[in-house]
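Build me a model from this:
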Amino acid sequence: MAAQGRTTVAVALLIVAVVFAAACVPPAAAYGCLDDCYQRCANGKEDPACTKMCNEACNAKAPGASSTP
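Residues are numbered from 1 along each chain as shown. Below is the predicted model of the structure:
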């Protein structure tokens, strides 16, 4: 019976470790998000509104932006 309890605890710790590790790594979909968003929005032009919108949509920090709201 004690072996089953140890196995359950080990599995639970493994699940917690995997969830924690996954939370620390940015999702693969985020790579290239900003460039793709800007190209689709601005259509080859320079557009500050697209920069702001894409920074917010892709969770990117705009250059010179403050970390406080």
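
now the end-to-end length of stretch 22-36.
24 Å (CA to CA, to the nearest Å).

And the lengthiest helix in the chain, how far out from the chain middle?
The helix that spans the most residues within the chain, counting by DSSP state H, is helix 2-24. Remark: helix 2-24 is offset 23 Å from the chain centroid, using CA atoms, centre = their mean, to the nearest Å.

Quick one: residues in contact with it.
By CB atoms under 8 Å, 6 or more residues apart in numbering, the list of residues contacting helix 2-24 from outside is empty. Every C-beta, even on glycine, is put in place using the N, C-alpha and C of the backbone.

If you count neighbours, what's buried in the helix or strand that that helix is followed by?
Going down the chain from helix 2-24, the next helix or strand is helix 33-42, by DSSP states H and E. For helix 33-42, a neighbour-count test (16 or more other CB atoms under 10 Å) marks C33, L34, C37, Y38, A42 as buried.

mean confidence score for helix 33-42?
Helix 33-42 shows a mean pLDDT of 90.

can you state the direction angle for the helix or strand that that helix is followed by and helix 33-42?
As assigned by DSSP H and E, the chain's next helix or strand after helix 33-42 is helix 48-57. Angle of helix 48-57 versus helix 33-42, following axes from the mean of the first three to the mean of the last three CA atoms, to 10 degrees, is 140 degrees.

Which strands and helices lie in contact with helix 48-57?
Contacts defined by 3 or more CB pairs under 8 Å, 6 or more residues apart in numbering; DSSP states H and E place helix 48-57 against helix 33-42.

for the helix it packs on, the distance to its chain's centre please.
Counting by CA atoms, centre = their mean, helix 33-42 comes out at 17 Å from the chain centroid.
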